[in-house]
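Undergrad: Would you be able to build a 3D model of this:
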Amino acid sequence: MYEKDGEKYFVVDGHTHFWDASEENTKNKYGEGFIRCFYDYHKNLSPEEYVWPLEKYRKYDEPTMMKDLFEDGYVDVAIFQPTYLTDFYHKGFNTTEQDAVLKDKYPDKFVLNTSFEPRLGEAGLAQFEEKVAKYGSKGVKLYTAEWHDASKGWKLTDPWALRHLEKAQELGVTNIHVHKGPTIWPLNRDSFDLADVDDAASTFPELNFIVEHVGLPRLEDMCWIGTQEPNVYGGLAVAMPFIHTRPAYFGQIVGELLYWLGEDRLLFASDYALWHPKWLVEKFVDYQYPMENEYPELTANVKRKILGLNAAKLYDLKVPEGVSAGDDGTGQDVTEKPAIPVEASVGGHSE
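TA: All right, here's what the predicted structure looks like:
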């Protein structure tokens, strides 16, 4: 929980990892290049005092993670988003099994998502069902640019991907987190395109599609798709650290998303260990647009929703008293608002 100026913020870190990119686990030059590309994002977008040496970054330990997230970083609940990358790492980069170790030790601190691989066909469906039965996951992290044998990516609209999404709906796995963000070497930029989210969200209206990294650098596509598809959300990992290095650009990102999608469909994320949640939370709570704009206001209640309440609703997490979705900071419930006719609204914004 973070408190400042009489305001309380329940913090759900919507995108965290417990990865292993050690030299022993790195399979080839692609795994080496991948973690070094991650590290460049880390060191170039972090405040200097939060930059780690590369060796620590490759494989950090459990005490470091627990301290950074829950003691220093104000996080109440963290969501694990697995990224397998078994073509690059012997035991995988960040698998459900790796994350489950911490979930088992600290069950109230973590939400454990899993993943599926549609290119495995029927075997992929069976593996997915087994993981959901074992771990009870309510969400999946999908990496459409991940390599598999000769394939260098897939789409949500591929026939076997649709079969897996049908299985997710059948199993009650309702939160579909899809990596659609900046290119990471050696993965292909085109495989991160988010056009397939549009069709999938229309086909499966009962599933929630959380576009991780809000589609950057395709912000305009993200906004237009999110406007048309009410079950599309924006995960702010990768967007968040620009609050430090380029505050006006961050304002453009969050302002456009608030205008088009509204305040109820944006989720805070640190992408730990790419970035430390402590400085992200502090800077976001303090943040106001540094430039003239026509964007919706960033009130304490809007920030409360983004920092944790929106994710809590998706995952049915218990929120402490006094920090409800309708709390305006005075203890007054402001959840009930006059309905806005659909034809007069764009996302959460009305004219």
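
Undergrad: contacts and neighbour counts: CA atoms only from here.
TA: OK.

Undergrad: For Lys8, which non-adjacent residue is spatially closest?
TA: In space, and not counting its chain neighbours, Lys8 is closest to Tyr2: 5.9 Å by Cα to Cα, 6 or more residues apart in numbering.

Undergrad: From Leu216, how far off is the closest residue to Gly139 other than its chain neighbours?
TA: Spatial nearest neighbour of Gly139, excluding adjacent residues (Cα to Cα, 6+ apart): Asn175 at 4.4 Å. Applying Cα to Cα, to the nearest Å, the value for Asn175 to Leu216 is 20 Å.

Undergrad: same question, Phe250
TA: As judged by Cα to Cα, Phe250 and Leu216 stand 12 Å apart.

Undergrad: Name the residues contacting each of these two.
TA: Shared contacts of Phe250 and Leu216, defined by Cα atoms under 8 Å, 6 or more residues apart in numbering, comprise Ala239.

Undergrad: Pro241 reaches Leu45, doesn't it?
TA: Yes. Using Cα atoms under 8 Å, Pro241 makes contact with Leu45 at a distance of 5.9 Å.

Undergrad: quick one: which of those two has more around it?
TA: Using other Cα atoms under 10 Å, the more surrounded residue of Pro241 and Leu45 is Pro241, with 29 against 21.

Undergrad: about what we covered before: quick check: phi and psi on the residue nearest to Lys8?
TA: With angles defined as degrees, to the nearest 10, Tyr2 sits at phi -110, psi 140.

Undergrad: What of Gln98?
TA: With angles defined as degrees, to the nearest 10, Gln98 sits at phi -60, psi -50.

Undergrad: now do Phe93
TA: Dihedral pair for Phe93: phi -80, psi -50, per degrees, to the nearest 10.

Undergrad: Pull the number of nearby residues for it.
TA: Using other Cα under 10 Å, Phe93 is surrounded by 24 other residues.

Undergrad: so what's it up against?
TA: Neighbouring residues of Phe93 by Cα under 8 Å, 6+ apart: Trp19, Asp20, Ala21, Thr83, Tyr84, Leu85, Thr86.

Undergrad: Kindly confirm whether my reading is correct that Met298 touches Gln288.
TA: Met isn't right for residue 298; it's Leu. Yes. The pair Leu298 / Gln288 is scored as a contact, 6.7 Å apart, by Cα under 8 Å.

Undergrad: These two - which one has more neighbours?
TA: Leu298 (19 against 14).

Undergrad: Mind pulling up the pLDDT for the more buried one?
TA: Among the per-residue scores, Leu298 shows a pLDDT of 97.

Undergrad: again, but for Val254
TA: Per-residue confidence (pLDDT) for Val254: 98.

Undergrad: which residue ranges form the helices in the stretch 251-351 of the chain?
TA: In the stretch 251-351 of the chain, the segments counted as helices under DSSP state H, counting those that start in this stretch are 277-286, 300-304, 310-315.

Undergrad: Just say which of those helices is most tucked in.
TA: helix 300-304 (a mean of 21; mean count of other Cα atoms under 10 Å).

Undergrad: For the stretch 101-250 of the chain, give me the ranges with low pLDDT.
TA: Along the stretch 101-250 of the chain, no part satisfies pLDDT under 70.

Undergrad: what residues are up against Val214?
TA: The contact partners of Val214, by Cα under 8 Å, 6+ apart, come to Lys180, Gly181, Met222, Gly234, Gly235, Leu236, Ala237, Ala239.

Undergrad: Mind doing that once more with 7 Å?
TA: By Cα atoms under 7 Å, 6 or more residues apart in numbering, the contact list for Val214 reads Lys180, Gly181, Met222, Gly234, Gly235, Leu236.

Undergrad: of the residues you listed, closest to Asp68?
TA: Nearest to Asp68 out of the contacts of Val214 is Leu236 (Cα to Cα; 18.9 Å).

Undergrad: so that closest one makes contact with Leu267?
TA: Yes. Leu236 lies in contact with Leu267 (Cα atoms under 7 Å); the separation is 5.9 Å.

Undergrad: Common neighbours of the two, please.
TA: Among the neighbours of Leu236, none is also in contact with Leu267 (Cα under 7 Å, 6+ apart).

Undergrad: leaving aside the residues next to it on the chain, what's closest to Arg58?
TA: Nearest residue to Arg58, sequence neighbours excluded (Cα to Cα, 6+ apart): Ala21, at 4.7 Å.

Undergrad: Settle this for me: the one you found is touching Lys59, isn't it.
TA: Yes. Using Cα under 7 Å, Ala21 makes contact with Lys59 at a distance of 5.8 Å.

Undergrad: The two - which one has more neighbours?
TA: Each of Ala21 and Lys59 has its neighbours counted (other Cα under 10 Å); Ala21 has more, 26 against 16.

Undergrad: if I look at that one, how far off is Glu32?
TA: Remark: distance between Ala21 and Glu32 (Cα to Cα) = 8 Å.

Undergrad: coming back round to it: which ones are touching the residue nearest to Arg58?
TA: By Cα under 7 Å, 6+ apart, the contact set of Ala21 is Ile35, Arg58, Lys59, Phe93.

Undergrad: what's the burial count for the first one?
TA: By the other Cα under 10 Å criterion, the neighbourhood of Ile35 contains 21 residues.

Undergrad: Glu71 now?
TA: Counted by other Cα under 10 Å, the residues lying close to Glu71 total 13.

Undergrad: Check Lys105 too.
TA: Residues near Lys105, counting by other Cα under 10 Å, number 10.
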